[in-house]
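K.L.:
task: produce atomic coordinates for the following.
(chains A and B)
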Amino acid sequence: MTALREDFKEILRLVRPNTRVLDVGCGEGDLLELLTQEKGVDGQGLEISPSGVAACLAKGIAAVQGDGDRDLDHFPTQAFDYAILSKTLQQMREPRHVLTELMRIADRALVSVPNFGHWRMRWALLTQGRMPETKALPDPWWSTPNIHLCTLRDFTTLCAELGLRIEACAAVSPDQPARNIDPARPIENWRAETALFLLTRERPRPPAPERATTGDLFD
Amino acid sequence: MSQTVIESPAIETNGGTLRLPADAPLRLDSGATLAPLEIAYKTYGRLNAERSNAVLVCHALTGDQHAASVHPITGKPGWWNRVIGPGLPLDPDRYFIICTNVVGGCMGSTGPSSIDPATGKPFGLTFPVITIADMVRAQAMLLDALGIETLFAAVGGSMGGMQVLQWAADYPHRLHSAVCIAAAARHSAQNIAFHEVGRQAIMADPDWRGGAYEAHGVRPEKGLAVARMAAHITYLSEAALQRKFGRELQRDGLSWGFDAPDFQVESYLRYQGASFVDRFDANSYLYITRALDYFDLAASHGGVLANAFRRARDVRFCVLSFSSDWLYSTGESRDIVRALNAAGCRASFVEIETDKGHDAIFLEEPVLHSALRGFFESQASRRGLA
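P.N.:
Down below sits the predicted model:
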């Protein structure tokens, strides 16, 4: 393996040893393989591409071919210590639902999101008036899988709305060491290319809303 | 299926027939009992000192115990000689591989062609109806006799995969890992419908004689051949049939009649039917298809499939399906995986891209073999196998 990706290094640092880890969008299982070797985790991957899952199996990584948008619903509550979603949230049809499901399935979530508020994005949009194409988001608008882009501030706002606590946050990029940041500081919304969050539940999950048994329109 | 691979002499083959006495009956789901019971089996490789390397390979509807050894009737190599063998995913140098003929079968295990001790004649239709769970219970009795408490793995495709699921439901504590290939947790209406066509073909043959054909010295070969022909279509994909045969003719021009097959696909099916009757018993075909049709793992667990796997949280599962399999489609495997996840079991699942249909279980499928190899490797290291 070539030099470790910097975001992997940061995830490796944050995950406690001998825990149960679900990697949503695990690709060919490189991160899970690393976590298994270095931290002795009990890993499970979810990956949409058959070739990715086949590569996982060939490496001995447990992986299920499936779709993060649809298949998380089938996992039981608190089945994992960590759920990892690495640069995938913005590709989901329903990111809010996915985030809620991750926090139901696992005690902690490690979520990384490319920051659309980064100065290069803003500069490109301001000067060219076109959807930016950068190293982190290289595809033109008409072919990008990233259908739900957000800024750092958008994401922290959503976390607050969902009652999620940000335990740690780091600015990561593939080739630079991770840098711990306070995501609430406006400057970080300009300079963090991608942010990795360690999330926990702020408050106990609210009880399921009681279904009205009377008062239906047709009663 | 043209298999020309010669069986490797390096495989250590053993086995025989376990005969259980009359006071150790097999209790059946139907309420009946079978005694004395015979279970025919083959083994490949050696059981290690810790007795931790045993792998049970479960066969499909028309399979038998000769998974990796030459078939005594057809002389063909074992049906899974691409998976079991030196350097293959199930290497006899490493694992002790056991394959039993299912109860109800016709290759040495007690079945409808066995002699009923009460009458001294073949059971025929007086043989009790059996289920997939009965097959698995008989396998567990064989393991008891062999002194094997836990299996490193139970592995099977098609009906073999259903036995693996049943193993996970009934004996999770005796299972380290489980591999279920191209199977389903229940038989669908379409599955049952195809089987009914086969059964009716057998029973419509005048030589079937109400199931007592052996006493009359005849065999319902025409009916059994038609049953096999109908079933064989379901094992192949439309694309594979088209690729292999298209509308190719047997000879120049049409025959303008019905005596000889005009199309190559007809000739192929007739050959499949004709060669099948040499090695298979018609009543066994009735009984085993019945067992498959009765299979519904959710129904026997309160209507919730996940309930079947609640005790199997320590078992590692690998579920595989084939994209062009329309007998037990990917959707069926996906249901199994979702139930496993819901039960809190660790499972791997991949749909293998192929146009070979259900038959891909037995064919050259590199992704299937690399997935099996990777799964067994990781499980072996978890189990501490050398």
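
K.L.:
use CA for all of it now, contacts and neighbours both
P.N.:
Will do.

K.L.:
what about the residue of chain A found nearest chain B, neighbour count?
P.N.:
Among the residues of chain A, A:A58 lies closest to chain B, at 3.9 Å counting by CA to the nearest CA. When counting by other CA atoms under 10 Å in any protein chain shown, one arrives at 24 neighbours for A:A58.

K.L.:
spit out the contact partners of it.
P.N.:
A:A58 makes contact with B:S370, B:A371, B:L372, B:R373, B:G374, B:F375, according to CA atoms under 8 Å, 6 or more residues apart in numbering or on different chains.

K.L.:
next: B:F309.
P.N.:
Here B:F309 is in contact with B:A168, B:A169, B:A339, B:L340, B:A343, B:C345 (criterion: CA under 8 Å, 6+ apart).

K.L.:
tell me which element the second one is part of?
P.N.:
The one in question is B:A169. helix B:159-170 (DSSP states H and E).

K.L.:
helix or strand right after that helix?
P.N.:
strand B:175-181.

K.L.:
tell me the strands beside that following strand, with direction?
P.N.:
When pairs are called by DSSP bridges, strand B:175-181 turns out to pair with strand B:151-157 (parallel), strand B:316-322 (parallel).

K.L.:
I'd like the average pLDDT over the helix or strand that contains A:E33.
P.N.:
A:E33 is part of helix A:30-39, with elements assigned from DSSP H and E. Per-residue pLDDT over helix A:30-39 has a mean of 95.

K.L.:
please identify the buried residues of that helix?
P.N.:
For helix A:30-39, the buried set under the neighbour-count rule, 16 or more other CA atoms under 10 Å in any protein chain shown, comprises A:D30, A:L31, A:L32, A:E33, A:L34, A:L35, A:T36, A:K39.

K.L.:
show me what that helix is packed against.
P.N.:
Packed against helix A:30-39 by the contact rule (3 or more CA pairs under 8 Å, 6 or more residues apart in numbering or on different chains; DSSP states H and E) you find helix A:6-14, strand A:42-47.

K.L.:
okay if I get the ones you listed as TSV plus distance to chain B and mean pLDDT?
P.N.:
Below are those laid out as TSV (distance: least, CA to the nearest CA, whole Å; pLDDT from 0 to 100):
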stretch	distance to chain B	mean pLDDT
helix A:6-14	21	91
strand A:42-47	7	93
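
K.L.:
could you look over the ones you listed and pick the most buried one?
P.N.:
Comparing those by mean neighbour count (mean count of other CA atoms under 10 Å in any protein chain shown), strand A:42-47 ranks first with a mean of 24.

K.L.:
contacting residues around B:G78?
P.N.:
B:E7, B:H66, B:A67, B:A68, B:S69, B:V70, B:H71.

K.L.:
quick one: which helix or strand includes it?
P.N.:
Counting by DSSP H and E, B:G78 is part of no helix or strand.

K.L.:
repeat for A:D107
P.N.:
strand A:106-114.

K.L.:
what residues does that strand touch?
P.N.:
A:11, A:77-90, A:102-103, A:136-137, A:149-151, A:193-201.

K.L.:
and that strand, how far from the chain's centre?
P.N.:
When C-alpha coordinates are averaged (CA atoms, centre = their mean, to the nearest Å), strand A:106-114 and its chain have centres 5 Å apart.

K.L.:
ok, how many other residues are close to the residue of chain B found nearest chain A?
P.N.:
Per CA to the nearest CA, B:G374 is where chain B lies closest to chain A, at 3.9 Å. Counted by other CA under 10 Å, the residues lying close to B:G374 total 21.

K.L.:
that one contacts A:A62, doesn't it?
P.N.:
No: in this structure, B:G374 is not within contact of A:A62 by CA atoms under 8 Å, at 9.6 Å.

K.L.:
show me which residues of chain B sit near chain A.
P.N.:
By the rule CA under 8 Å from any CA of the partner chain, the part of chain B lying against chain A is B:337-339, B:341-344, B:346-353, B:367, B:370-379.

K.L.:
could you rerun that using 6 Å?
P.N.:
By CA under 6 Å from any CA of the partner chain, the residues of chain B that approach chain A are B:R338, B:N341, B:A342, B:S348, B:F349, B:V350, B:S370, B:A371, B:G374, B:F375, B:S378.

K.L.:
for the residues you listed, give me TSV that also has secondary structure.
P.N.:
Below are the residues of chain B next to chain A laid out as TSV (DSSP: H, G, I helix; E, B strand; the rest coil):
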residue	secondary structure
B:R338	helix
B:N341	helix
B:A342	helix
B:S348	strand
B:F349	strand
B:V350	strand
B:S370	helix
B:A371	helix
B:G374	helix
B:F375	helix
B:S378	helix
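
K.L.:
most surrounded residue in the residues you listed?
P.N.:
In the residues of chain B next to chain A, the most neighbours by other CA under 10 Å go to B:V350, 33 neighbours.

K.L.:
list the residues that contact that residue.
P.N.:
A:Q65, B:L320 (CA atoms under 6 Å, 6 or more residues apart in numbering or on different chains).

K.L.:
next helix or strand past the helix or strand that contains the residue of chain A closest to chain B?
P.N.:
Under the criterion of DSSP H and E, A:A58 resides in helix A:50-59. Once the chain leaves helix A:50-59, the next helix or strand it forms, by DSSP H and E, is strand A:63-65.

K.L.:
which residues does that following strand contact?
P.N.:
Here strand A:63-65 has contacts from A:Q44, A:G45, A:L46, A:E47, A:I48, A:V53, B:S348, B:F349, B:V350, using CA under 6 Å, 6+ apart.

K.L.:
same deal with stretch B:224-234?
P.N.:
Defining contact as CA under 6 Å, 6+ apart, one finds that stretch B:224-234 is touched by B:G198, B:A201, B:I202, B:L269, B:G273, B:A274, B:A282, B:L327.

K.L.:
give the rounded mean pLDDT of it.
P.N.:
Mean predicted confidence for stretch B:224-234 is 97.

K.L.:
so what's residue 115 closest to, chain neighbours aside?
P.N.:
Going with chain A. A:T151 (4.7 Å; CA to CA, 6 or more residues apart in numbering or on different chains).

K.L.:
you looked at the wrong chain, it should be chain B
P.N.:
B:P122 (4.2 Å).

K.L.:
for that neighbour, give me its contacts.
P.N.:
Here B:P122 is in contact with B:S113, B:S114, B:I115, B:D116 (CA under 6 Å, 6+ apart).

K.L.:
now the second one: how far from B:G85?
P.N.:
Plainly put, B:S114 is 32 Å away from B:G85 if you go by CA to CA, to the nearest Å.

K.L.:
try the third one
P.N.:
With distances taken as CA to CA, B:I115 is found 35 Å from B:G85.

K.L.:
between the two, which one's more packed in?
P.N.:
Applying other CA under 10 Å to B:I115 and B:G85 shows that B:G85 carries more neighbours, namely 23 against 15.

K.L.:
correct me if wrong: that one contacts B:D91.
P.N.:
Yes: taking CA atoms under 6 Å as the definition, B:G85 is a contact partner of B:D91 at 5.0 Å.

K.L.:
please identify the helix or strand for the residue lying closest to A:R130 once chain neighbours are set aside.
P.N.:
In space, and not counting its chain neighbours, A:R130 is closest to A:A124: 7.0 Å by CA to CA, 6+ apart. According to DSSP H and E, A:A124 maps onto helix A:119-128.

K.L.:
B:L61: how many residues sit nearby?
P.N.:
18.

K.L.:
now do B:Y268
P.N.:
Neighbours around B:Y268, by other CA under 10 Å: 14.

K.L.:
which helix or which strand is home to it?
P.N.:
helix B:264-276.

K.L.:
contacts for whichever helix or strand comes after that helix next, please.
P.N.:
Per DSSP H and E, helix B:264-276 leads on to helix B:282-294 as the next helix or strand towards the C-terminus. Outside helix B:282-294, the residues within contact range by CA under 6 Å, 6+ apart are B:G104, B:G105, B:I130, B:T131, B:I132, B:H187, B:I192, B:R199, B:L224.

K.L.:
ok, 7 Å please
P.N.:
For helix B:282-294, contacts defined as CA atoms under 7 Å, 6 or more residues apart in numbering or on different chains pick out B:61, B:104-106, B:111-112, B:124, B:129-132, B:187, B:192, B:195, B:199, B:202, B:211, B:220, B:224.
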